[in-house]
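Chemist: Predicted structure and sequence below. I'll ask about it afterward.
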Amino acid sequence: MKVELINPFLEATVSVLKTMASINPVPGKPYIKKGTTATGDVSGIVGITGDTEGSICITFSRECILLIISQMLGENQLEINDEVKDAVGELTNMISGDSRRRLEEMGHHFLGAIPSVISGRSHEIRHITKGPILSIPFNTPAGSFTVEVCLK
């Protein structure tokens, strides 16, 4: 996977969380993920088609997503409930959309599907394609989350 295709996902993630939740996530060192087990407790995944196909997944630790959604909604969230899951889907959609907009500016054309949300400890993430899964870990004051990008 080309580095120039990764930066739009990283930049979009930081931008969306700064704008929507006033949180400045700090990216860590990207790595190739092995296996299908999620690193977080709740994940949003969206398929991508166009110049190539694949998917983007954002998987959040419980503590991290509760802080983010509390900041977004202005209400203290204490559990991963339907409201939090809906917000994870919206965040996934916003990050995917901003990433695709940034890629479009670079001359790439992608469309996104409707996000799905999966939750529970050690849940599985099944990307659409069988290519390598690039994982970008992020840290926040309340914990971690990971963005996974898998493009053919």
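Modeler: Noted; the coordinates are in hand.
Chemist: all contacts plus neighbour counts: C-alpha atoms, from now on.
Modeler: OK.
Chemist: SS state for the most centrally placed residue in the chain?
Modeler: Taking C-alpha atoms, centre = their mean, the centroid of the chain lies closest to Ile58, which sits 2.4 Å from it. Of the three states, Ile58 takes strand under DSSP: H, G, I helix; E, B strand; the rest coil.
Chemist: List the residues that contact it.
Modeler: 43-45, 92, 145-148 (C-alpha atoms under 8 Å, 6 or more residues apart in numbering).
Chemist: What is the most widely separated pair among these?
Modeler: Ile45 and Phe145 (13.4 Å; C-alpha to C-alpha).
Chemist: Okay, and the residue lying closest to Ile32 once chain neighbours are set aside sits in which element?
Modeler: For Ile32, ignoring the flanking residues on the chain, the nearest one in space by C-alpha to C-alpha, 6 or more residues apart in numbering is Leu134 at 4.7 Å. Assigned by DSSP states H and E, Leu134 belongs to strand 133-140.
Chemist: likewise Ser43?
Modeler: Judged by DSSP H and E, Ser43 forms part of strand 42-50.
Chemist: what distance separates that strand from the centre of its chain?
Modeler: A distance of 8 Å separates the centroid of the chain from that of strand 42-50, by C-alpha atoms, centre = their mean, to the nearest Å.
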